[in-house]
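J.: next input, structure requested:
(2 chains)
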Protein chains: 2
Amino acid sequence: MRFTINKNDFLKGLLIASHAISGRSPNPTLLCFKLEMTAKGLEITADNDDIAIWTLIPLVNGDKEIIRNYTFGSTLIVANLLTKAVQMMEGEEISLEVIDDRIAKIGDGKTDYSLNCQNAEEYPDIDLEKSGNIFSIPCNDLTKLVETTAFAALDKNTRPILMAINLRGEAGRLTATATDSARLSRKSIEIDPSIRFSANIPAKTLSEVVRLFEGCVDVEIAASEQKIIFSFANTIVKSRLIAGDYPVSNSIIPTNFNYRLNVSAPQLLSAISRVSILSTDRAAIVKLSMGPEGVSVSSSSDQNGSGAEEISSFHYEGERLEVAFNAMFVSQAIKAVVSDDVQMKFIGEMKPFVVVNPNDDSVVELITPIRTR
Amino acid sequence: MRFTINKNDFLKGLLIASHAISGRSPNPTLLCFKLEMTAKGLEITADNDDIAIWTLIPLVNGDKEIIRNYTFGSTLIVANLLTKAVQMMEGEEISLEVIDDRIAKIGDGKTDYSLNCQNAEEYPDIDLEKSGNIFSIPCNDLTKLVETTAFAALDKNTRPILMAINLRGEAGRLTATATDSARLSRKSIEIDPSIRFSANIPAKTLSEVVRLFEGCVDVEIAASEQKIIFSFANTIVKSRLIAGDYPVSNSIIPTNFNYRLNVSAPQLLSAISRVSILSTDRAAIVKLSMGPEGVSVSSSSDQNGSGAEEISSFHYEGERLEVAFNAMFVSQAIKAVVSDDVQMKFIGEMKPFVVVNPNDDSVVELITPIRTR
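T.: Here you go, the predicted model:
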């Protein structure tokens, strides 16, 4: 195998595939990229068991020649080393030639690398075959579904299914849900009513996927029982799924409320951040006191003292109510509804409450209060 | 005690004093600022045993009133909490009032904090009396002395005296020296010939001190046996010294060399960084091969392979020579001499070599080679 390739295009492909490279792996082959020079161009594959990425650098891009002087073939090269080498070379073109399946000579005419490489037959087979429900949506829509929910997934392995975002196609809606069991975030978009599936995709993986969308318009999704495949531009990403039924029903979101607060999102966010410095809990606890006469945010600890701030810009319906909560949960929820005005709706002091955008019902944030006495 | 103070001036003072606040301390009093409202203004003191800082926020700055509506007094408030509270408040002025020596009420008219505080008598006495040799130098000069040497000090406590920068006034030169025993960095400036002292100041402390010089022209230094005091603008910093004789004599720098390489600093630096990615050692090892016919930089490992780069811009005097070294040591030395051209002078393959600026003999970098076979 041999090729001479535009440096920036080569680096872009390597950086895309890098998202499927872990720092460590019990299988050292998975620390390598598989490079294949074929009639289509340079194919780069990476896989870390959670996620597999295949990306193609085509021979030409419009009028621009990207790859020249090539012979077909394949090899495995340690991913981080190859990426760093290509990143650091300054030439516009980089040549790579594999000698005896053992050494890859890589250079830009100034720096010469001889990197150890392996026979590509050592690499595992990766099934990128599309099956199940296949449909396309704008990349932007998937990005919003993921960004609005990923933060609410569990970030430790105590209950694996809660580390997933549940993506469900049903009744003409594509809905993403994530919960760590103390709070839940959900967003949905419209979709073709024929699409019907439910997949639990690790939140971390989905966050990696949407980071690769730069410059892409649409993503094709193929969701089956065992795997989900995302195809966009010259890239295909496969994610493993977390088995089992997602433990959250549609009816978990309450619909009848006794108290309603409409408030300026930036004002509430900055008040929460200012008073939460008093909390000595690892997760800062903040209290929201609401009544017809005023709304305030406060926090206190025996060790540090107390802090309080009146909210000047609000509209409140209901009796007096005090609700205490994890400051980070509420701040993330307010940011997720992406609106200058947010509405908080309560049933009672110790019942889960919701945070919504009063002008957009596609996002719902549900949060369990904290008992403080 | 009570005062109303301009927020930005208050914050600036707190941030200066913060440099003497550690994250943890066996003595919780040292996690506090001492605030004293006196006829001079607001005095803020912080101390962490290594370094003590006193800074004054004056009542007025020229025509601008900084502090108003004050009564004298003093108190201790947890430093990180006070700094965060002041940082986060949005008002232009902040009022602070101490109630019963127990609670500091702090607010900007919008947010109200009640921070626990302590009687100032609990605070240790700090001796900021100047003694010994007292002299002034430009802040910039001290900054350069410290930045040129601090990186070469030992960063772990295996030999405490090597964690210091040795600052020595002798024969009309003020010389800073730091070494971790594998390399040494030294810079000197001219000074009044009457100044004669030697002080081992923790490199970390000195690096903190020079970071506080923003906007200052001159610093007054008072060096005695037990302590060193730096005074600039409205701030006084005291550092503890590390006892003992600094284990480096003036004669450690060799003066006769057999090989001389003049080379472009940016070219050598980037070649070193490109080839050092091959090294699997925690400290990357790079080899410099010099001869009349050419100069190259290379590195290799059994695991990764090898990398090499010819240097195009050089002038070399001497026989063929190969020297292997810690890539980081040489890169830091090249950067410390601050010149587009550097000169490297060698005695032989395994003898310490120097890196200098051919046009400025105030900086010398000495590095011990590494045996590679």
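
J.: what residue ranges in chain A score low on pLDDT?
T.: Along chain A, segments meeting pLDDT under 70 span A:373.

J.: which residue, other than its chain neighbours, is closest to residue A:306?
T.: Spatial nearest neighbour of residue A:306, chain neighbours left out: residue A:300 (3.5 Å); criterion: CB to CB, 6 or more residues apart in numbering or on different chains. (Each C-beta comes from the backbone N, C-alpha and C, glycine too.)

J.: please identify which helix or strand holds the one you found.
T.: In this assignment (DSSP states H and E), residue A:300 forms part of strand A:294-301.

J.: swap in residue A:288?
T.: strand A:285-291.

J.: so residue A:317 makes contact with residue A:259?
T.: Yes - here residue A:317 reaches residue A:259: they are 6.9 Å apart, a contact under CB atoms under 8 Å.

J.: higher neighbour count, the two?
T.: Ranked by neighbour count (other CB atoms under 10 Å in any protein chain shown), residue A:317 and residue A:259 place residue A:259 first, with 20 against 13.

J.: okay but that one is in contact with residue A:346, surely?
T.: Yes - in this structure residue A:259 lies within contact range of residue A:346 using CB under 8 Å: 4.1 Å.

J.: shared neighbours of the two, anything?
T.: Shared contacts of residue A:259 and residue A:346 (CB atoms under 8 Å, 6 or more residues apart in numbering or on different chains): A:318, A:321.

J.: what separation is there between residue A:323 and residue B:285?
T.: 60 Å (CB to CB, to the nearest Å).

J.: higher neighbour count, the two?
T.: Between residue A:323 and residue B:285, residue A:323 has the larger neighbour count (other CB under 10 Å), namely 23 against 19.

J.: ok so residue A:26 is a helix residue?
T.: No - looking at residue A:26 with DSSP: H, G, I helix; E, B strand; the rest coil, it is coil, so not inside a helix.

J.: angles on the backbone of it, please.
T.: phi -60, psi -20 (degrees, to the nearest 10).

J.: tell me which parts of chain A are close to chain B?
T.: A:78, A:81, A:84-85, A:88-90, A:103-104, A:110-116, A:270-271, A:273-275, A:277-278, A:303-310 (CB under 8 Å from any CB of the partner chain).

J.: so what's residue A:124 up against?
T.: Counted by CB under 8 Å, 6+ apart, residue A:124 has contacts A:27, A:29, A:30, A:47.

J.: circling back: run through who's touching the strand holding residue A:300.
T.: Under CB under 8 Å, 6+ apart, the answer for strand A:294-301 is A:261, A:263, A:268, A:271-272, A:275-281, A:284-289, A:306-311, A:314, A:316, A:327.

J.: could you check how far residue A:198 is from residue A:362?
T.: As judged by CB to CB, residue A:198 and residue A:362 stand 19 Å apart.

J.: and residue A:85, by the same measure?
T.: Residue A:85 is 45 Å from residue A:362, by CB to CB.

J.: more neighbours, those two?
T.: Using other CB under 10 Å as the criterion, residue A:85 and residue A:362 rank with residue A:85 on top: 28 against 17.

J.: neighbours of the nearest residue to the more buried one once chain neighbours are set aside, how many?
T.: Residue nearest to residue A:85 in three dimensions, not counting chain neighbours: residue A:113, with 5.2 Å by CB to CB, 6+ apart. A total of 28 residues lie near residue A:113 under the criterion other CB under 10 Å.

J.: now name the helix or strand holding residue A:113.
T.: strand A:111-118.

J.: adjacent strands (with direction) for the helix or strand that that strand is followed by?
T.: Tracing the chain past strand A:111-118, the next element assigned as helix or strand by DSSP H and E is strand A:133-138. Looking at strand A:133-138 with DSSP bridges, its partner strands are strand A:218-223 (antiparallel).

J.: residues contacting the partner strand, please?
T.: A:130-139, A:142, A:167, A:169, A:197, A:199, A:213, A:228-232.

J.: which of the contacts of strand A:294-301 fall within strands?
T.: A:261, A:263, A:285-289, A:306-311, A:314, A:316 (DSSP state E).

J.: whichever of those residues end up buried, select them in PyMOL.
T.: Buried residues within the ones in strands among the contacts of strand A:294-301, by 16 or more other CB atoms under 10 Å in any protein chain shown, are selected in PyMOL with:
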select buried, chain A and resi 261+263+285+286+287+288+289+306+307+308+309+311+314+316
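
J.: tell me where chain A has helices.
T.: Read by DSSP state H, chain A holds these helices, from start to end of the chain: A:7-18, A:79-88, A:139-149, A:203-211, A:265-275, A:327-336.

J.: so which elements touch the third one?
T.: Identification of packing neighbours for helix A:139-149 by 3 or more CB pairs under 8 Å, 6 or more residues apart in numbering or on different chains; DSSP states H and E yields strand A:164-170, strand A:173-179, strand A:183-190, helix A:203-211, strand A:218-223, helix A:327-336.

J.: can you do 6 Å?
T.: When contacts are defined as 3 or more CB pairs under 6 Å, 6 or more residues apart in numbering or on different chains; DSSP states H and E, helix A:139-149 sits against strand A:173-179, strand A:183-190, helix A:203-211.

J.: highest average neighbour count across the ones you listed?
T.: Stretch with highest mean neighbour count among the helices and strands packed on helix A:139-149: strand A:173-179 (a mean of 22; mean count of other CB atoms under 10 Å in any protein chain shown).

J.: output that strand as PDB, restricted to C-alpha atoms.
T.: Extracted in PDB, the C-alpha atoms of strand A:173-179 (Å, rounded to 0.1, in the frame of the first residue of the first chain):
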ATOM      1  CA  ARG A 173     -42.600  11.700  17.200                       C
ATOM      2  CA  LEU A 174     -38.900  10.900  17.700                       C
ATOM      3  CA  THR A 175     -38.300  11.400  21.500                       C
ATOM      4  CA  ALA A 176     -35.100  11.400  23.400                       C
ATOM      5  CA  THR A 177     -35.200  10.700  27.100                       C
ATOM      6  CA  ALA A 178     -32.500  10.600  29.800                       C
ATOM      7  CA  THR A 179     -32.700  10.300  33.500                       C
END
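
J.: number of nearby residues for residue A:47?
T.: Residue A:47, neighbours per other CB under 10 Å, totals 25.

J.: the one 4 residues further on too?
T.: Here the count is done by other CB under 10 Å, and residue A:51 has 23 residues near it.

J.: for it, give me its contacts.
T.: A:20, A:205, A:239 (CB atoms under 6 Å, 6 or more residues apart in numbering or on different chains).

J.: quick check: of those, which lies closest to chain B?
T.: Nearest to chain B out of the contacts of residue A:51 is residue A:20 (CB to the nearest CB; 20.8 Å).

J.: if I read this right, the closest one contacts residue A:49, doesn't it?
T.: No - the pair residue A:20 and residue A:49 does not pass the contact test of CB atoms under 6 Å, sitting 9.3 Å apart.

J.: picking up where we left off before, mark which of the contacts of strand A:218-223 are buried, thanks.
T.: Buried among the contacts of strand A:218-223 by 16+ other CB under 10 Å: A:130, A:133, A:135, A:137, A:139, A:142, A:167, A:169, A:197, A:199, A:213, A:228-232.

J.: residue B:123: which of those is nearest?
T.: For the buried ones among the contacts of strand A:218-223, the minimum distance to residue B:123 (CB to CB) is 56.4 Å, reached by residue A:213.

J.: where does that closest one fall, phi/psi-wise?
T.: phi -80, psi -10.

J.: how about residue A:266: what's its closest non-neighbour residue?
T.: residue A:340 (6.8 Å).

J.: any idea how many residues pack against that neighbour?
T.: 9.

J.: ok, residue A:329 next?
T.: Residue A:329, neighbours per other CB under 10 Å, totals 24.

J.: skipping its backbone neighbours, what lies nearest it in space?
T.: Here the residue nearest residue A:329, using CB to CB, 6+ apart, is residue A:183, at 4.7 Å.

J.: go ahead and confirm that neighbour touches residue A:330.
T.: No - at 8.7 Å, residue A:183 does not count as touching residue A:330 under the criterion of CB under 6 Å.

J.: on contacts alone, who are the packing partners of the strand holding residue A:288?
T.: strand A:294-301, strand A:321-326.
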